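Asker: How does the following fold in three dimensions:
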Amino acid sequence: MDLNDKSIIFVGTGANGSSIASDIINSGFQIKCYDQWPENVEVIRKHGFTVNTLDGEQNTKARAFHLCQLAETTSKFDIVLLALKSYDTKWACEMVMPYLADDGIIVGIQNGMTAETIASYVGIERTLGCVVELSSEMTEPGIVQRNTLQKQTWFGLGKLGNINNPHFENVKTLLNCAGTVSICKDILSAKWMKLLVNTMSLGPFALLGLPVQEGLNTPGMRELVLAIGDETMSLGNELGYNIEPIMGLSENAMKESNRLPETLLDTLVEHIGPSARDCILQDMLKGRRTEIDMINGLVVEKLSNFKRVAPYNAAVIEVGSIIAAGELSPNPENISILRKIIKRNLDKIE
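Answerer: Residues are numbered from 1 along each chain as shown. Below is the predicted model of the structure:
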């Protein structure tokens, strides 16, 4: 059956979602795009997706729907590409489940360890895990600044079990429209490798209000985020995750690295460019909930199950909470607060 005979929807047309969906549409595939932000949907309906890159502006007409319009569907979906925030995964699965075909698939194109969450709702046979390396910003409804060009965008795709999924190759074809797709033998380990990157590169630099490259020039910041990475790496070892290649790195480059967190961080910095603002910083500036709890918070929570603490990741959460409460704004001076909290946390261990 031709891929255009499949019922394909995209749920979540924020910055990354809009970038990926527009590439899929421009490759000739028919998809429906659902989003929970009414103004965003209306702009996309009138003007399409507007995606700005270093190569110029791209405008793509799209079939956009309000999320509530899922209730109007009369047929089941074969492929659901889910690009909402990681903390939205549970309710999104609840909403989509009644409209998912018996052999349909949900692909979580998200940060965090969401693949198992999706599988808990629809089963591993109807779940594909996905890792994505793509930096973008939604500057206003329907308008995206894509910092990672298509040729530099990377996806890791994998099954959660040894199950022959009829849509696997179709999903690979769709994602290939937006970047390079690698097949991950151990998708959960690959997701953890990306979480390791995100613990270092999202929350910490968002607290400073700086892009990653600029933030790394702040004295002491590189050492601080690598300590965060070491905590996350240590937890991954406890949980039994393997070293799985991501972001285009080879298996040898990953396994032969003397300090894997640093290798991953440097690779990310090379790929995203000097001015990219991460998604957590964007949410902080908009006064929205961030994914810090789903990323750094997960490390703190899981290490506590082993009767261990994560003083560096915990400090990121604490400063993030102060910003969320409106008592601080993202600012380079926040590194001094971060250091004080880390020192306090380390003193408690001693």
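
Asker: Would you report the backbone torsion angles of residue 77?
Answerer: With angles defined as degrees, to the nearest 10, residue 77 sits at phi -90, psi 140.

Asker: any idea what sits nearest it, other than its immediate chain neighbours?
Answerer: residue 7 (4.8 Å; C-beta to C-beta, 6 or more residues apart in numbering). (C-beta placed from N, C-alpha, C; glycine too.)

Asker: For that neighbour, give me its contacts.
Answerer: 75, 76, 77, 78, 79, 101 (C-beta atoms under 8 Å, 6 or more residues apart in numbering).

Asker: Buried by neighbour count, from these: which ones?
Answerer: Applying 16 or more other C-beta atoms under 10 Å to the contacts of residue 7, the neighbour count classes 77, 78, 79, 101 as buried.

Asker: So which of these are in strands?
Answerer: 77, 78, 79, 101 (DSSP state E).

Asker: Tabulate those residues (a markdown table), appending pLDDT.
Answerer: Output for these, formatted as a markdown table (pLDDT from 0 to 100):
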| residue | pLDDT |
| --- | --- |
| 77 | 97 |
| 78 | 97 |
| 79 | 98 |
| 101 | 97 |
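
Asker: ok, of those residues, which one's closest to residue 231?
Answerer: residue 79 (36.4 Å; C-beta to C-beta).

Asker: The closest one and residue 101, how far apart?
Answerer: Noted for residue 79: a distance of 9 Å to residue 101, by C-beta to C-beta, to the nearest Å.

Asker: which SS state does the closest residue to residue 30 other than its chain neighbours fall under?
Answerer: Once flanking residues are discounted, residue 30 sits nearest to residue 4: 5.3 Å by C-beta to C-beta, 6+ apart. What DSSP: H, G, I helix; E, B strand; the rest coil gives for residue 4 is helix.

Asker: I'd like to know how far residue 4 sits from residue 28.
Answerer: Residue 4 is 8 Å from residue 28, by C-beta to C-beta.

Asker: what does residue 197 give?
Answerer: 33 Å.

Asker: just the helices in the stretch 201-350 of the chain please.
Answerer: 203-208, 212-215, 221-239, 251-255, 260-272, 279-286, 292-304, 311-324, 334-349 (DSSP state H, counting those that start in this stretch).

Asker: hey, which of these is tucked in deepest?
Answerer: Neighbour counts (mean count of other C-beta atoms under 10 Å) averaged over each of the helices of the stretch 201-350 of the chain peak at helix 203-208, with a mean of 27.

Asker: CA atoms only: put stretch 239-256 into CSV for me.
Answerer: Extracted as CSV, the C-alpha positions of stretch 239-256 are listed here (Å, rounded to 0.1, in the frame of the first residue of the first chain):
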residue,chain,number,x,y,z
LEU,A,239,19.8,1.3,35.2
GLY,A,240,21.6,-1.0,32.8
TYR,A,241,21.6,1.3,29.7
ASN,A,242,24.2,0.6,27.1
ILE,A,243,26.3,3.1,25.1
GLU,A,244,24.2,3.5,21.9
PRO,A,245,25.4,5.8,19.1
ILE,A,246,23.5,9.0,18.6
MET,A,247,23.8,12.3,16.7
GLY,A,248,25.7,10.7,13.9
LEU,A,249,28.6,9.5,16.1
SER,A,250,30.0,6.1,15.3
GLU,A,251,29.8,3.2,17.8
ASN,A,252,33.6,3.3,18.1
ALA,A,253,33.7,7.1,18.7
MET,A,254,31.2,6.6,21.6
LYS,A,255,32.8,3.6,23.2
GLU,A,256,36.4,4.7,22.8
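
Asker: which outside residues touch that stretch?
Answerer: Counting by C-beta under 8 Å, 6+ apart, 131, 133, 154, 156, 180, 182, 184-190, 192-194, 197, 260, 263-264, 267-268, 271, 302 sit against stretch 239-256.

Asker: what's the farthest-apart pair in the buried ones among the contacts of residue 7?
Answerer: 79 and 101 (9.0 Å).

Asker: how long is stretch 324-342 end to end?
Answerer: 19 Å (C-alpha to C-alpha, to the nearest Å).

Asker: between the buried ones among the contacts of residue 7, which is nearest residue 59?
Answerer: Among the buried ones among the contacts of residue 7, and counting by C-beta to C-beta, the member closest to residue 59 is residue 79, at 24.6 Å.
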